[in-house]
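Participant: Dropping the sequence and predicted coords here.
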There are 2 protein chains.
Amino acid sequence: MDDATQQDARNTEREQRILDAALTLITHYGYDKTTVDDIAREAGISKGAIYLHFKSKVALFEALVLRESDLLAEELIQRVMDDPQGGTIFSIFGHSLSIFAANPLLKALYTRDRRILGDLFRSISKNTMQEQTFAYGVEFVEQMQAAGLMRQDINPSVLAYLLSALRYGVLTVDDAIEITDAPPIEAVSAVVIDMLHRSFAPEGGDSEAGKQAFMRLIEFGREIIRQRQASRAQ
Amino acid sequence: MDDATQQDARNTEREQRILDAALTLITHYGYDKTTVDDIAREAGISKGAIYLHFKSKVALFEALVLRESDLLAEELIQRVMDDPQGGTIFSIFGHSLSIFAANPLLKALYTRDRRILGDLFRSISKNTMQEQTFAYGVEFVEQMQAAGLMRQDINPSVLAYLLSALRYGVLTVDDAIEITDAPPIEAVSAVVIDMLHRSFAPEGGDSEAGKQAFMRLIEFGREIIRQRQASRAQ
DNA sequence: GTTTGACCAAATTAGGTATTTCAGTCAATT
DNA sequence: AATTGACTGAAATACCTAATTTGGTCAAAC
């Protein structure tokens, strides 16, 4: 390993340390209350050094979101592939529920949680947020229906709305409604997967074409991740 | 009709006018921004007259919630009884979704919408809100399971959580997530009912015992309404 | 007997100023 | 060359006081 490469590795390592620090502080105190100085101290470096890696506080936050979002996507694919009953779009939905629930930053982003996003709540557009959070829009549902992964006799905009509502609801009810002893998210996800499968899986079981479409979907997801990582490395 | 009765009728008529005025203004401008004077003017009477009917602004609001909540319960029972496919707990859930979505005040109460509740957000406890909004808690689900109206092989606290999340999500997603051309709530409710029925109805179709339990549930609801109206009339 | 609206105290808001905080820079240090 | 932290201007916050609003009352009007 030559000097330049070693230098590079140390650089990325420190960048990750900065992002780790930012993640801890922001998810705990919120974006507004977390100062660049706080992040630097938590990462064990000076404030100036932060600016050797990120051109602004917002840029740092965006980099953090990208990192978390890629990690989540990778973990999601991993879990779906590992799940013996995982070969459906509904299992993707369910596993993503679990993972989102466990990721305070992306959960806050998806649910537009002002307590954590602070001022960013206004400045980041709804679209930006959803791009990073794998929304289930109408177009997506239509594609799934066309690919034979979802029942085609259900109005796609109704189904898309229902999936969004379900996801948003599971991630946010307990903020608004008093829930005595909330069940573990994994248990909820499992029931959700079963429910969606019973209700919206195409009649007649898994077709070979369906499985292929599912694998194309996974591959497509991986491709997106690769592209984003490449464009970030420039 | 003697004088006293006529007087009484005029009195209730005016009380309803006040509540109508309050409903319009509060759902439009929020509780804080709506003054007692505003309500009086909208109802075409003086501020003093308001206090002949309600001892305070909060008492007026509480009376409004009770009225709306009773009306909603009556309409719900009506719709469920009118629906040819209405004889299940899931149709109650679905119809209540539609009716809640169409009732800005109770929707705001259930979703704890600060924009409408204003200061009341803090002063009204979570429990009070839910009492008036027909929550689907664990105990309720357990009762439904015991009565044979819901599958018994599903963890009641998971199911209760899921139902709450679904309801909360459907009523609030569009506040947080960009939804292009949201479908009509009736269409969503229909799909929700079908989904819940496929997923959580007991195996083996509607039993006679199930139907009886359902009718007991309806009768129980009516009884609650009667009691509340009686206690209000004193 | 009813209903009104002027009236009051309490609370909220407006407006303005002093103080502090903080993102971002860069000369000095290592 | 890499890193630091004192420094700066802009922005947010705290603080104060004056002005306004508003829930609730009650003597006067109807």
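Facilitator: Happy to help now that I have it. Just so we're clear, the structure is a prediction, and the values are computed from it rather than from any experiment. Numbering: from 1, shown residues only, chains lettered A, B, ... in the order given.

Participant: Okay, helices next: where are they in chain A?
Facilitator: A:3-29, A:36-43, A:47-53, A:57-82, A:89-101, A:104-111, A:114-117, A:120-123, A:126-131, A:138-146, A:156-176, A:185-200, A:208-233 (DSSP state H).

Participant: which one of those helices lies closest to B:A165?
Facilitator: Among those, helix A:156-176 comes nearest to B:A165, with 3.7 Å by C-beta to C-beta. The way it works is simple: take the backbone N, C-alpha and C, and place the C-beta from them, glycine included.

Participant: how much does the closest one deviate in direction from helix A:185-200?
Facilitator: For helix A:156-176 against helix A:185-200, the angle by axes from the mean of the first three to the mean of the last three C-alpha atoms, to 10 degrees is 160 degrees.

Participant: Could you pull up the mean pLDDT of helix A:156-176?
Facilitator: Mean pLDDT, helix A:156-176: 96.

Participant: can it be found next to chain B?
Facilitator: Yes: under the criterion of C-beta under 8 Å from any C-beta of the partner chain, chain B is reached by helix A:156-176 at A:157-159, A:161-162, A:164-170, A:172-173, A:176.

Participant: just to revisit the earlier point, mean pLDDT for the helices of chain A: which is lowest?
Facilitator: helix A:126-131 - the lowest mean pLDDT of the helices of chain A, at a mean of 60.

Participant: Pull the residues that contact stretch A:166-179.
Facilitator: A:93, A:96-97, A:100-101, A:107, A:110-111, A:136, A:182, A:185, A:188, A:192, B:110-112, B:126-127, B:130, B:135, B:161-162, B:164-170, B:172-173, B:176-177 (C-beta atoms under 8 Å, 6 or more residues apart in numbering or on different chains).

Participant: Select only the buried ones of those residues in ChimeraX?
Facilitator: Listed next is the ChimeraX selection for buried residues among those, using 16 or more other C-beta atoms under 10 Å in any protein chain shown:
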select /A:93,96,97,100,101,107,110,111,136,182,185,188,192 /B:110,111,112,130,135,161,162,164,165,166,167,168,169,170,172,173,176,177
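
Participant: Among the contacts of stretch A:166-179, which ones lie close to DNA strand D?
Facilitator: When C-beta under 7 Å from any atom of the strand is taken as the criterion, no member of these contacts DNA strand D.

Participant: for the helices of chain A, which one sits closest to B:I225?
Facilitator: Of the helices of chain A, nearest to B:I225 by C-beta to C-beta is helix A:156-176, at 25.5 Å.

Participant: The closest one relative to helix A:89-101, how many degrees between them?
Facilitator: Using the same axes, to 10 degrees: helix A:156-176 against helix A:89-101 is 30 degrees.

Participant: Residue of chain A nearest chain B, please.
Facilitator: Residue nearest to chain B within chain A: A:G169 (2.3 Å; C-beta to the nearest C-beta).

Participant: And that residue, how far from DNA strand D?
Facilitator: Taken as C-beta to the nearest atom of the strand, to the nearest Å, the spacing of A:G169 relative to DNA strand D amounts to 31 Å.

Participant: A:R79 contacts A:G94, correct?
Facilitator: No: if you go by C-beta atoms under 8 Å, A:R79 and A:G94 don't touch, sitting 9.6 Å apart.

Participant: Among these two, which residue is more densely surrounded?
Facilitator: Just comparing A:R79 and A:G94: by other C-beta atoms under 10 Å in any protein chain shown the higher neighbour count belongs to A:G94, 29 against 17.

Participant: Can you name the residues that contact that one?
Facilitator: A:G94 neighbours (C-beta under 8 Å, 6+ apart): A:189-190, A:192-193, A:196.

Participant: Could you pull up the contacting residues of the closest residue to it other than its chain neighbours?
Facilitator: Once flanking residues are discounted, A:G94 sits nearest to A:I193: 3.6 Å by C-beta to C-beta, 6 or more residues apart in numbering or on different chains. Residues near A:I193 by C-beta under 8 Å, 6+ apart: A:85, A:88, A:90-91, A:93-94.

Participant: from the residues you listed, which two are the most distant?
Facilitator: Top of the distance list for those (C-beta to C-beta): A:Q85 and A:F93, 13.2 Å.

Participant: coming back round to it: against B:Q143, how distant is the residue of chain A closest to chain B?
Facilitator: 23 Å (C-beta to C-beta, to the nearest Å).

Participant: is it true that A:D38 touches A:H28?
Facilitator: No: at 10.4 Å, A:D38 and A:H28 do not qualify as touching, with contact defined as C-beta under 8 Å.

Participant: which one of those two has more residues nearby?
Facilitator: A:D38 (17 against 11).

Participant: Would you reformat the helices of chain A as JSON lines and include distance to B:L64?
Facilitator: As requested, those are exported to JSON lines (distance: least, C-beta to C-beta, whole Å):
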{"stretch": "helix A:3-29", "distance to B:L64": "39"}
{"stretch": "helix A:36-43", "distance to B:L64": "46"}
{"stretch": "helix A:47-53", "distance to B:L64": "53"}
{"stretch": "helix A:57-82", "distance to B:L64": "43"}
{"stretch": "helix A:89-101", "distance to B:L64": "36"}
{"stretch": "helix A:104-111", "distance to B:L64": "30"}
{"stretch": "helix A:114-117", "distance to B:L64": "28"}
{"stretch": "helix A:120-123", "distance to B:L64": "31"}
{"stretch": "helix A:126-131", "distance to B:L64": "33"}
{"stretch": "helix A:138-146", "distance to B:L64": "37"}
{"stretch": "helix A:156-176", "distance to B:L64": "21"}
{"stretch": "helix A:185-200", "distance to B:L64": "35"}
{"stretch": "helix A:208-233", "distance to B:L64": "50"}
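
Participant: Quick one, which of these gets closest to B:I218.
Facilitator: Judging the helices of chain A by C-beta to C-beta, what sits closest to B:I218 is helix A:185-200, at 25.4 Å.
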